[in-house]
Every structure is written in C-alpha cells, then in structure tokens.
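J.: Please find the sequence and the predicted model below.
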Amino acid sequence: MKALIIYHSQQHGNTGKMAEAVAEGFGEGATLWNTNEKRFDVTKVPEYDCIAVGTPDYFSYIAGTLKTFMDDIYIAERKGVKGISGKPVGLFLSHGGGGRAKEPFEKLFKRLGDVVGETVESSRSPSARVLDSCRELGKKLAAEVQ
Ligand SMILES: Cc1cc2nc3c(=O)[nH]c(=O)nc-3n(C[C@H](O)[C@H](O)[C@H](O)COP(=O)(O)O)c2cc1C
C-alpha cells in the first residue's frame, strides 16, 4: 500500500516534522514530498492508495505550492486523467498561533477524497502530543487502505 505525504515546509521545518511522523505512522510505503522543493507531477497521484496533506498557515490560507497542487489536479482531471480523486485523505496544519487557515484548507482538500479523522493542528514547533496525533493519522490512513 502506498501513501503520498505531500506538504509545504520552509520556515522552520515544522510541517516537515509533522509529515515525517505521519509517514512513520503509516509505515512502509509512505513517500514524503515537500512542494517547497519541487512541484509534484499530479499524473502520478493515481499510483498512491491514500494522501496526507500538510500545510503551514500563510496569511490565514494554505501555502501557495499546495494551492498549485490542487490547481494542477483540477486541470489534469479536466484533461481526462483518472484515479486522482476519491482516495482517503488526511490533513495536518502548522501555524504560528493563528490557525485561521484550517477552514479554507479543509474546504479545498475535501475535494480530493474522503477526509479521515480530524485535521491535526500545531502551533509552532510540533509538541510530542502533536507528533503522536500525526502518527495516529498515518495509522488511520493505513487502516483505510488495508
Ligand atoms: C509568509 C508567512 C505567513 C504566515 N502567516 C501566518 C498566519 O497568518 N497565521 C499564523 O498563525 N502563522 C503564520 N505564519 C507562521 C507559520 O504558519 C508557522 O511558522 C509554521 O509553523 C511554518 O511552518 P514550516 O516551518 O513548516 O515552514 C506565517 C509564516 C510565513 C512565512
């Protein structure tokens, strides 16, 4: 079983730490992809059984590279690429104390598929508790695709 853990992490690596914990919870078959480093080719999404998406709060919205990911998906699907949407989706969010990106984040990414569990939220550097919740999210995704 394969999971795509796609996230944007840039400022402190906070979202990246959460992504690593989600991948750890999922176990073998998790691929980590930081969209801050490289754009993801969305025609490869059908190769995965589930997706976890993590974003920092940028001006009460998601990071631009993840908006691009969703824009690319919309365009690819309109061009006839099948098997992108409809998978289990897990969400995690890192913010600096505000966290108002949660609503637009959930609204946009529920287009991708069935959202599993609650969005894991973290303020600044993720605590041990937050990292446990990320591992739990990874485990929930793994259970969905068994
Ligand atoms: C351009 C920019 C805009 C930000 N806007 C917000 C915001 O509106 N609300 C908030 O709570 N944090 C905001 N932050 C803080 C980040 O969400 C926070 O530091 C996050 O943990 C960074 O994740 P990263 O270390 O994975 O890049 C902003 C940070 C940057 C760089």
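T.: Good, I have the coordinates.
J.: can I get the CA coordinates of the longest strand belonging to the chain in PDB?
T.: The residue-count maximum for a strand in the chain (DSSP state E) belongs to strand 87-95. Listed next in PDB are the C-alpha coordinates belonging to strand 87-95 (Å, rounded to 0.1, in the frame of the first residue of the first chain):
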ATOM      1  CA  LYS A  87      -8.900   8.300  -2.000                       C
ATOM      2  CA  PRO A  88      -8.700   8.600   1.800                       C
ATOM      3  CA  VAL A  89      -7.200  11.900   2.700                       C
ATOM      4  CA  GLY A  90      -5.500  13.000   6.000                       C
ATOM      5  CA  LEU A  91      -4.800  16.700   6.800                       C
ATOM      6  CA  PHE A  92      -2.300  18.400   9.100                       C
ATOM      7  CA  LEU A  93      -1.600  22.100   9.700                       C
ATOM      8  CA  SER A  94       1.100  24.100  11.300                       C
ATOM      9  CA  HIS A  95       0.600  27.700  12.300                       C
END
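J.: That strand: which residues count as buried?
T.: 87-95 (16 or more other CB atoms under 10 Å). C-beta here means a position set from N, CA and C on the backbone, and glycine is covered the same way.
J.: Please apply the same query to stretch 101-109.
T.: By neighbour count on 16+ other CB under 10 Å, the buried set for stretch 101-109 is 101-102, 105, 108-109.
J.: how about Ala101, what does it touch?
T.: Under the criterion of CB atoms under 8 Å, 6 or more residues apart in numbering, the contact list for Ala101 reads 55, 57-58, 60-62, 93, 95.
J.: Tell me how far it lies from the ligand.
T.: For Ala101, the distance to the ligand under the criterion CB to the nearest ligand atom, to the nearest Å works out to 7 Å.
J.: Apart from its neighbours in sequence, what residue is nearest that residue?
T.: On the basis of CB to CB, 6 or more residues apart in numbering, the spatially nearest residue to Ala101 that is not a chain neighbour turns out to be Asp57, at 3.9 Å.
J.: I'd say the one you found and His95 touch.
T.: Yes: shown here, Asp57 and His95 form a contact pair, counting by CB atoms under 8 Å, at 3.6 Å.
J.: Which strands or helices does the longest strand of the chain pack on?
T.: Applying 3 or more CB pairs under 8 Å, 6 or more residues apart in numbering; DSSP states H and E, one finds that strand 87-95 contacts helix 14-26, strand 50-56, helix 102-109, strand 113-115, strand 120-123, helix 128-144.
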